[in-house]
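1. The amino acid sequence is not available; the structure is as follows:
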DNA sequence: ACAACATTTCTATATTTATGGAAATATAGT
DNA sequence: ACTATATTTCCATAAATATAGAAATGTTGT
């Protein structure tokens, strides 16, 4: 990953509404949530929501799929993991380990 | 951690110059680097650098300490780890583990 | 006090980003 | 085709952020 891509990913979640959306989707799992449900849960007007979903999609942090009348959005876990790895790469100048051991909490 | 704090942290590294600075410091280890060295390594004019260092400090992602004529900046690993944890909290809706195992690479 | 260097503040300007109403575009059921 | 529902695009406006030159401030050694 290069700096520019990482900045694109980070910018996409460096905003309150989008971070809320992303975390909601991270917690929702692979099946995701429809745009309408997201908007309702977070009280975001539809045009504003659409703008933010586009930002997250463009960055590649979320996927979307059409299913009947609804568009379902879901977290791109692989992209998230790549980003987290990038931030901690080659850390600590050879000193003792300092970085997180992040493990998925499955409950 | 709440959303606002996380956004502050993310915003502080969602910018090319600042992400470069942060990663440089992550890799530099606990001793850190002086403002001058950072500016030289990344070719950032001093007033611009100062602006970005302030942003990172304000967010709490880096520390600074004065040592003789120099100001040394260093990564706040604890803050970084808290942020990474926050992003992956309660992920995947009880499905199989999906999140990174990030371990410090010490070489 | 002075000189040399390091870093920050001041300032103006340029650029990017966020917001949400209204209208347009899909999709599905009857 | 018509109606109801879901989502996106268009648009104007408001707000936040980035840049870097010049001046000011801090620090150390002589």
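-> In hand now; what should we look at? Nothing here was measured: the structure is a model prediction, and the numbers come from that model. Numbers count the residues shown, from 1 in each chain, chains lettered A, B, ... in the order given.

2. Next one: the helix or strand of chain A with the lowest mean pLDDT, is it in contact with chain B?
-> The least trusted helix or strand in chain A, going by mean pLDDT, DSSP states H and E, turns out to be helix A:77-88, with a mean of 93. Yes. Against chain B, helix A:77-88 shows contacts by CB under 8 Å from any CB of the partner chain at A:77, A:80, A:81, A:84, A:85, A:87, A:88. No exception for glycine: its C-beta is placed from N, CA and C like everyone else's.

3. ok, the second one touching residue B:92?
-> Spelled out, that is residue A:80. No. Using CB atoms under 8 Å, residue A:80 is not in contact with residue B:92; the gap is 10.9 Å.

4. neighbour-wise, which of these two wins?
-> Looking at residue A:80 and residue B:92 with other CB atoms under 10 Å in any protein chain shown, you find the greater number of neighbours at residue A:80, namely 23 against 20.

5. Indicate the residue of chain A located nearest to DNA strand D.
-> Of the residues in chain A, the one nearest DNA strand D is residue A:36, at a distance of 2.5 Å by CB to the nearest atom of the strand.

6. Give me the neighbour count for that residue.
-> Each residue near residue A:36 was counted by other CB under 10 Å, and the total is 13.

7. Could I get the contacting residues of it?
-> The neighbourhood of residue A:36, defined by CB atoms under 8 Å, 6 or more residues apart in numbering or on different chains, consists of residue A:70.

8. measure it to residue A:53 for me?
-> Using CB to CB, to the nearest Å, one obtains 11 Å as the distance from residue A:36 to residue A:53.

9. Can you point out the buried residues in the helix or strand residue A:38 falls within?
-> Using DSSP states H and E, residue A:38 sits in helix A:35-42. Of all the residues in helix A:35-42, those buried under the rule 16 or more other CB atoms under 10 Å in any protein chain shown are A:35, A:38, A:39.
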